[in-house]
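Engineer: predicted structure and sequence below. I'll ask about it afterward.
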Amino acid sequence: MSDKMSLVLENVSKSFVNKKAVDKISFKLDKPGVFGLLGTNGAGKTTTIRMILGIIKKDSGTITWNNEEVFREKVNFGYLPEERGIYPKIKVYNQLLYFAKLKGMSKENAIEEINFWANKLKVSEYLNMNAEKLSKGNQQKIQFMTAIIHDPELIVLDEPFSGLDPVNTEIIKNIIIDLVKKGKYIIMSAHQMATIEEFCTDILILNRGKTMIQGNLKEIKDSYPVNRVVIHVNEKINDIIDELKLKIENHKENEYVIKINNEDEAHKLLDKVMKKKIKVNKFEIMKPTLNDIFIEKVGE
Amino acid sequence: MRDIFTIMQFTMKDMIQRKSFIISTIIILLFIIIGFNVPKIISSFSDDETFSQKLLITDNDNLFEGSLELLNNDNYNLTIENKNIDEVKEEIDKENYDGALVITKDDSIININYIVKEMSLFYEPPEDLINNINAIYISKEINKLGLTDEELQHIMPTFNFTAESISEDVNGNVFVMMIMSCVLFYAIYFCAYQVSSSITTEKTSKIIETLVTSTSPKNIVLGKTFGIGLVGLGQLILIVGTALICANICLSKELLNQVLDLSNITVTLGIITIIYFVLGYLVYALIYALTGSTVSKPEDIQSANGPVAIICIIGFYLSYFTMMNPNSELNVFASMLPISSPFCMPFRVMMGLSKPMDVIISLIILIITIFVIAKIAIKIYSNAILNYGTKLSIKDIIKMYKTK
């Protein structure tokens, strides 16, 4: 069953009063993995997510899960909203049980899963405390639990790592990797490009409701020409860089990150350095990062 | 259905465990228990000696020829003694007596001078005692005429005064009726208000986004409304039950019969009152669910709920004031109007003024109103609940209702 699943959006649009929030976006998620939804604030990511989950209705287009129109009742999904929310004055355990029951779990099964995930997320000791007494990071882990406790097929994580310390980020990362291994379909929106590059096979960049770029992340990056070279040398090479009329993007001790327009410029630089018998410890011609692509696409 | 039950159960548990709920319920119950025990508490602090007024009566001119000894009244501790006015004043000044009645004769007029240290409500002239003194004097003088018992009876017949109301038992229950009306109003109003505040809290704490992806808006509105309603009903039954038990234990049977005609308090009336409480609560709770979903900040709740509060108060006063004249057409109208019938109809039933058909029509109107409001409230809740930011205007709300 799992290899037949797919989430398909076709020409989906949504307008609010005097504003087009999402304009004819289309994408497909037809194999387990993490799909990255990127965009600046107000780009339409949350609106897209809410339409996928059936919280708000789309104006036009189709959204199907396994070839059927998406209805909240029919799709077994888990959702971690961008706006973190928790009942402050209610015991963590009681609210987890409440949401698990609302997601159709039996009490026994819910208790079992609460204990399993609490242990995995290292929050067992907080289960009997009122949620308001927990740190922000721990509250976020509790909310993450409510998104995955019922073993959903489709998981939507809106900014799952924002506000988490490195230790907790690592815990959640490992769980996401496990979920992908289990064949889950995950849509993730994040501002940290490094995270997206780490997890996502496919991405979509939104800007003001419109798709700027989409597709396989590796293919997208490969389609961009090289744009910088990193060189680590034993002595200063500023004069060579000036001679070749290149721009330094970053310079730390003897490591230079230099902007280039093509590979030839990089090779010329290396030739000059070698001719001067300067020892080169590292030389790398680089493609743009996702961050570069993102800024290029949605920047001014 | 399962989700409605889960939400209802969660809401009930949350409400019952809230400190504010526990404390306010305990305070109300304590007030009731203390209120009914006030007469007992007062009497336990004051013994009979101090409670009955200690009076000195002087008849220095012997006008009553010893017949003042016939004066007997449980409310007074009387001492009859001859003393001159200065001695009397001195006794009162030393607080040996609470007051004194100095009887003197001036020509043909008999003066009774009431002397107290300070005039206050407690020491107002003892009218009953003065009347008795008057009667004793007349009877002493008549006796001197040597009349037979028959002649005496003829001159001084015994008047038997009784009071009777034509509209049976109405007065007997007016007091209870008014109190019950207030209790119903506050119970309905405050429970319904809880729905609004609970919805806004979920919105402000952002939990709503997780909630609306876990179940449908319809289930949330209904589950929450039923949950809070059941807790409110439980609280109402606890309060009314405590009041009835206290009334039975603490009040004397005569007093109880004066304010409450128990023959009118039947199981049917209890059931009808509960039905009207539930339906009345549903009307207001669903309107409050609607207003609660249109605000995102706790400080906006008051202004959004203002119009609902006004409707509720109009409904309450319409029934409350027309109850003074229960046979008026306005009272009949109030018992049919869905915003006032929950406060009005149970009392018309108690007073035997409404026929079963009136009750059925009133209930049908109320149920139809609930369905209409529920439909509108759920629709607007679904659209408004994820709207953060400024409070929605009525125009926005209407627009939301019209959207598919």
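Structural biologist: That came in fine, so what should we check first?

Engineer: can you count the residues close to A:M274?
Structural biologist: Neighbouring residues of A:M274 were enumerated by other CB atoms under 10 Å in any protein chain shown; the total is 12. For every residue, glycine as well, the C-beta is placed using N, CA and C.

Engineer: find the helix or strand that it is a member of.
Structural biologist: helix A:263-275 (DSSP states H and E).

Engineer: what mean pLDDT does the following helix or strand past that helix have?
Structural biologist: Using DSSP H and E, the next helix or strand after helix A:263-275 towards the C-terminus is strand A:280-286. The average pLDDT for strand A:280-286 rounds to 89.

Engineer: likewise for stretch A:102-117?
Structural biologist: On average, stretch A:102-117 scores 91.

Engineer: buried set for that stretch?
Structural biologist: By neighbour count on 16 or more other CB atoms under 10 Å in any protein chain shown, the buried set for stretch A:102-117 is A:102-105, A:110, A:113-114, A:117.

Engineer: for stretch B:360-371, same thing?
Structural biologist: Buried, per 16+ other CB under 10 Å, within stretch B:360-371: B:362-363, B:366, B:369-370.

Engineer: check stretch B:309-321 too.
Structural biologist: B:309, B:312, B:315-316, B:318-320.

Engineer: which of the residues you listed sits closest to A:K221?
Structural biologist: For the buried residues of stretch B:309-321, the minimum distance to A:K221 (CB to CB) is 60.5 Å, reached by B:A309.

Engineer: now the closest one. Nearest residue, chain neighbours left out?
Structural biologist: Closest residue to B:A309 apart from its sequence neighbours, by CB to CB, 6 or more residues apart in numbering or on different chains: B:Y189 at 7.7 Å.

Engineer: shouldn't the one you found be within a helix?
Structural biologist: Yes - using DSSP: H, G, I helix; E, B strand; the rest coil, the assignment for B:Y189 is a helix.

Engineer: what sits against it?
Structural biologist: B:284, B:309, B:312, B:316 (CB atoms under 8 Å, 6 or more residues apart in numbering or on different chains).

Engineer: could you dump the residues you listed into JSON lines with pLDDT and secondary structure added?
Structural biologist: JSON lines is the format used below for those (pLDDT from 0 to 100; DSSP: H, G, I helix; E, B strand; the rest coil):
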{"residue": "B:Y284", "pLDDT": "89", "secondary structure": "helix"}
{"residue": "B:A309", "pLDDT": "87", "secondary structure": "helix"}
{"residue": "B:C312", "pLDDT": "87", "secondary structure": "helix"}
{"residue": "B:F316", "pLDDT": "88", "secondary structure": "helix"}
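
Engineer: got a list of contacts for whichever strand or helix holds B:N134?
Structural biologist: B:N134 belongs to helix B:127-144 when assigned by DSSP H and E. The contact list for helix B:127-144 (CB under 8 Å, 6+ apart) reads B:55, B:63-65, B:67-68, B:70-71, B:73, B:75-76, B:101, B:103, B:110, B:112, B:152, B:155-156.

Engineer: okay, the closest residue to chain B within the stretch 151-300 of chain A and A:Q140: tell me how far apart.
Structural biologist: The stretch 151-300 of chain A approaches chain B most closely through A:V156 (8.7 Å), counting by CB to the nearest CB. Distance, A:V156 to A:Q140, using CB to CB, to the nearest Å: 15 Å.

Engineer: those two: who's more crowded?
Structural biologist: Taking other CB under 10 Å, A:V156 and A:Q140 do not tie; A:V156 has more neighbours (26 against 23).

Engineer: bridging residues for the more buried one?
Structural biologist: For A:V156, the beta-bridge partners are A:Y79, A:I187 (DSSP bridges).

Engineer: what does stretch B:102-109 rub up against?
Structural biologist: Under CB under 8 Å, 6+ apart, the answer for stretch B:102-109 is B:57-61, B:63-64, B:85, B:88, B:110-113, B:115, B:133.

Engineer: so who does residue 178 touch?
Structural biologist: Assuming you mean chain A. A:D178 neighbours (CB under 8 Å, 6+ apart): none.

Engineer: actually chain B
Structural biologist: Per CB under 8 Å, 6+ apart, neighbours of B:M178: B:320, B:323.

Engineer: immediately after the helix or strand hosting it, which helix or strand?
Structural biologist: Using DSSP H and E, B:M178 sits within helix B:170-204. Later in the chain than helix B:170-204, the nearest helix or strand by DSSP H and E is helix B:208-212.

Engineer: just checking, what packs against that following helix?
Structural biologist: Contacts defined by 3 or more CB pairs under 8 Å, 6 or more residues apart in numbering or on different chains; DSSP states H and E place helix B:208-212 against helix A:136-148.

Engineer: report the buried residues of the helix it packs on.
Structural biologist: A:137-148.

Engineer: same question for stretch B:231-250.
Structural biologist: In stretch B:231-250, counting by 16+ other CB under 10 Å, buried: B:231-233, B:235-236, B:239-240, B:242-243, B:246-247, B:250.

Engineer: same deal with stretch B:282-297?
Structural biologist: B:282-296.

Engineer: tell me the mean pLDDT over whichever strand or helix holds B:F21?
Structural biologist: Using DSSP H and E, the element containing B:F21 is helix B:19-45. Here helix B:19-45 scores 84 as its mean pLDDT.

Engineer: over to stretch A:239-248?
Structural biologist: 88.

Engineer: all helices for the stretch 251-400 of chain B, in order.
Structural biologist: B:253-259, B:267-293, B:298-322, B:329-336, B:341-350, B:356-384, B:394-402 (DSSP state H, counting those that start in this stretch).

Engineer: what of the stretch 1-150 of chain A?
Structural biologist: A:45-52, A:92-102, A:107-120, A:136-148.

Engineer: residue of the stretch 151-300 of chain B nearest chain A, please.
Structural biologist: B:K206 (3.1 Å).

Engineer: so for that residue, what's the pLDDT?
Structural biologist: 78.

Engineer: what residues does it make contact with?
Structural biologist: A:81, A:83-85.

Engineer: in this structure A:E83 contacts B:I207, no?
Structural biologist: No - using CB atoms under 8 Å as the test, A:E83 is too far from B:I207 to be in contact (9.2 Å).

Engineer: so between the two, which is more surrounded?
Structural biologist: Under the criterion of other CB under 10 Å, the comparison of A:E83 against B:I207 puts B:I207 first, with 24 against 15.

Engineer: quick check: phi and psi at that one.
Structural biologist: phi -70, psi -20 (degrees, to the nearest 10).

Engineer: that one and A:G85 touch, don't they?
Structural biologist: Yes - with contact defined as CB under 8 Å, B:I207 counts as touching A:G85 (3.7 Å).

Engineer: walk me through the domains of chain A.
Structural biologist: Following automatic domain parsing, chain A resolves into domains at A:2-222, A:228-298.

Engineer: those: which one's closest to B:C182?
Structural biologist: domain A:2-222 (30.6 Å).

Engineer: contact partners for the residue in chain A positioned nearest to chain B?
Structural biologist: At 3.1 Å from chain B, A:G85 is the closest residue in chain A, using CB to the nearest CB. Counting by CB under 8 Å, 6+ apart, A:G85 touches A:143, B:202, B:205-210.

Engineer: and if you look at B:I378?
Structural biologist: B:217-218, B:221-222.

Engineer: so which of those residues wins on neighbours?
Structural biologist: Busiest of the contacts of B:I378 [other CB under 10 Å] is B:V221, holding 27 neighbours.

Engineer: nearest residue to B:G232 in space, ignoring adjacent ones along the chain?
Structural biologist: Per CB to CB, 6+ apart, closest to B:G232 is B:C191, 3.3 Å.

Engineer: what parts of the stretch 151-300 of chain B come near chain A?
Structural biologist: B:202, B:205-216 (CB under 8 Å from any CB of the partner chain).

Engineer: which two of those have the greatest separation?
Structural biologist: B:S205 and B:S216 (20.1 Å).

Engineer: my guess is B:Y114 is in a helix, correct?
Structural biologist: No - counting by three-state DSSP, B:Y114 is not part of a helix but strand.
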